[in-house]
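# what shape does this take:
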Amino acid sequence: MNLEIGYLPKKYINTLPSGGGYPFYVSKNVKYALNIGPMYYPEMPDEQLVLFKESLSSYPFYYLFELCHEHKIDQEINHDLIAGGIILEKVHQCPTSDFFLVTIKNREQLLHFLPSMFLQHNFNTSTLWSNNKQAFTFEEKTWKYSEIKDTACIQFDQPTSVFWLGHDFMGTDIFSNEGKFSSIEQTIHLLPDFITVEIVEFG
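Residues are numbered from 1 along each chain as shown. The predicted structure is shown next:
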């Protein structure tokens, strides 16, 4: 699999959601922001996707996703997750949606979680995961004009890496203050053998 990798200019991080930016806020303490892609997640074999995630971080993984009130978590899926020891923890509630955090402790749980992750990702505005549970906070932020909205914020007050799955699964954005992402070459060495990359410069 041949992918592209490159650092994201600050304008990608600083742009307000109403201007085409991310649907979350990244604290100013982030040191490195990269993109790996395009890579359509559902077309990757589960084992390859697990290897990719394990190459970037170590367990436990903390998945944060937003679910609008107009969508409900399928009860069958929820029961299946519970049977696999995976709990959906509601960590924030706001007028239009709820935020859930899922802790994945090992490879078996991650494989069990992947089908549910793909399904719920189709209905939410963001899917983030991190090696640091404390990375996610919620604040009222101005999105456009005078609109105030409860917003997920990513903090980098301790060694933290956060990964974002794009809305259409096309690739992964990495936000980090950890040294292993301080150069593209170091990041490339983290990736499993089935991924080859071409370094690109984003405008």
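
# which parts of the protein are strands?
Assigned strands in the chain, in chain order: 2-7, 25-26, 32-40, 61-68, 88-93, 97-104, 127-130, 136-144, 147-154, 161-165, 170-176, 196-199 (criterion: DSSP state E).

# quick one: mean pLDDT for the longest helix along the chain?
Scanning the chain for the helix with the most residues, using DSSP state H, yields helix 107-121. Averaged over helix 107-121, pLDDT sits at 81.

# dump the strands of the chain into CSV; add mean pLDDT, mean neighbour count and distance to residue 55 as well.
For the C-beta atoms, the positions are set from N, CA and C on the backbone; glycine is no exception. Formatted as CSV, the strands of the chain follow (pLDDT from 0 to 100; neighbours: other Cβ atoms under 10 Å; distance: least, Cβ to Cβ, whole Å):
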stretch, mean pLDDT, mean neighbour count, distance to residue 55
strand 2-7, 93, 16, 13
strand 25-26, 90, 20, 22
strand 32-40, 89, 18, 11
strand 61-68, 86, 21, 13
strand 88-93, 90, 14, 26
strand 97-104, 89, 19, 15
strand 127-130, 90, 23, 14
strand 136-144, 85, 14, 22
strand 147-154, 86, 16, 21
strand 161-165, 92, 22, 11
strand 170-176, 89, 21, 11
strand 196-199, 93, 12, 12
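
# what would these look like in TSV with distance to residue 114?
Formatted as TSV, the strands of the chain follow (distance: least, Cβ to Cβ, whole Å):
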stretch	distance to residue 114
strand 2-7	19
strand 25-26	26
strand 32-40	14
strand 61-68	11
strand 88-93	15
strand 97-104	10
strand 127-130	12
strand 136-144	21
strand 147-154	22
strand 161-165	12
strand 170-176	14
strand 196-199	23
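
# next, the angle from the longest helix of the chain to strand 61-68.
If you take axes from the mean of the first three to the mean of the last three Cα atoms, to 10 degrees, helix 107-121 sits at 20 degrees to strand 61-68.

# CA atoms of helix 107-121 as CSV?
This file holds the C-alpha atoms of helix 107-121, laid out as CSV (Å, rounded to 0.1, in the frame of the first residue of the first chain):
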residue,chain,number,x,y,z
ARG,A,107,-5.5,-6.4,20.1
GLU,A,108,-8.4,-8.7,20.7
GLN,A,109,-10.6,-5.8,21.8
LEU,A,110,-9.5,-3.7,18.9
LEU,A,111,-10.4,-6.4,16.4
HIS,A,112,-13.8,-6.7,18.1
PHE,A,113,-14.3,-3.0,18.0
LEU,A,114,-13.4,-2.2,14.4
PRO,A,115,-16.8,-3.2,12.7
SER,A,116,-18.7,-1.1,15.2
MET,A,117,-16.2,1.8,14.8
PHE,A,118,-16.8,1.8,11.0
LEU,A,119,-20.6,1.8,11.4
GLN,A,120,-20.8,4.5,14.0
HIS,A,121,-18.3,6.7,12.1
